[in-house]
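Colleague: Sequence and predicted structure, then a few things I'm wondering about:
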Amino acid sequence: GAVVSQHPSWVICKSGTSVKIECRSLDFQATTMFWYRQFPKQSLMLMATSNEGSKATYEQGVEKDKFLINHASLTLSTLTVTSAHPEDSSFYICSADSGGTDTQYFGPGTRLTVL
Amino acid sequence: GESVGLHLPTLSVQEGDNSIINCAYSNSASDYFIWYKQESGKGPQFIIDIRSNMDKRQGQRVTVLLNKTVKHLSLQIAATQPGDSAVYFCAEIRNNNDMRFGAGTRLTVKP
């Protein structure tokens, strides 16, 4: 149980385009989902916390207008990287909190490459 | 704060030896800690957790030690195997369910 999926697993896009990444909890309802970003050989950095039905809470330094987060249902959160630039190239990972425990379950990650 | 811009420390061990990976956390109010394993190109996988009212917890081949006095966490892997090669992160969970990761350590197991 407690499986989280992400789609796509990798994406290559041109500079200036927007990319949407989906995060789904497959067998549980996630009231809270988290989005992380990971640069090569570095730790995961929390970007934002997403609660179902409300606006996401962004970490300091993360542009909310650039990284749009929508948590429309208890099983789906989306991260849209708008007007992507090469410096946005990174590994994006989501996690979901099933509630009742403190454990977060991670998705497999999405590798974004912006040309 | 976040460990941005730091290269991962590395640990190289011989197959069959024990591994000890260390982590320092920052917030004395954190009451829950998790060790994750991350293989290349994949999301982190839960290994073992410990609450702040404990100082040791054992799993299968893994032991986590918590020293709250010096805000230090360690992960011990017994009889390390090639499949244990990965990056290991500690995470501290603060009282608002905010999880922060340590810098990570790359473990390489030599056959």
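Modeller: Okay, I see it. Note that the structure is a prediction, hence the values are computed from the model and not measured.
Colleague: Please make it C-alpha for all contacts and neighbour counts, starting now.
Modeller: Fine.
Colleague: Would you enumerate the residues in contact with the residue in chain B that chain A sits nearest to?
Modeller: Closest residue of chain B to chain A, C-alpha to the nearest C-alpha: B:Gly43 (4.3 Å). By C-alpha atoms under 8 Å, 6 or more residues apart in numbering or on different chains, the contact list for B:Gly43 reads A:93, A:106-109.
Colleague: And the residue lying farthest from the centre of chain B, how far from B:Arg61?
Modeller: Going by C-alpha atoms, centre = their mean, the residue of chain B most distant from its centre is B:Pro111, 22.3 Å out. Distance of B:Pro111 to B:Arg61, given as C-alpha to C-alpha, to the nearest Å: 18 Å.
Colleague: try B:Ala79
Modeller: In terms of C-alpha to C-alpha, B:Ala79 sits 7 Å off from B:Arg61.
Colleague: Residues that sit against both of the two, list them.
Modeller: Counting by C-alpha under 8 Å, 6+ apart, B:Ala79 and B:Arg61 have no shared contacts at all.
Colleague: Comparing those two, which residue is more hemmed in?
Modeller: Neighbours per residue (other C-alpha atoms under 10 Å in any protein chain shown) separate B:Ala79 from B:Arg61, with B:Ala79 holding more: 14 against 11.
Colleague: Can you classify the more buried one as helix, strand or coil?
Modeller: Classification of B:Ala79 using DSSP: H, G, I helix; E, B strand; the rest coil returns coil.
Colleague: the helices in chain B, which residues?
Modeller: According to DSSP state H, chain B carries no segments that qualify as helices.
Colleague: quick one: is the lowest-mean-pLDDT helix or strand in chain B near chain A?
Modeller: Across the helices and strands of chain B, mean pLDDT, DSSP states H and E gives its lowest value to strand B:99-101, namely a mean of 81. Yes: counting by C-alpha under 8 Å from any C-alpha of the partner chain, chain A is contacted by strand B:99-101 at B:99-101.
Colleague: Around A:Leu115, count how many other residues there are.
Modeller: Using other C-alpha under 10 Å as the criterion, A:Leu115 is surrounded by 14 other residues.
Colleague: Right, I'll leave it there.
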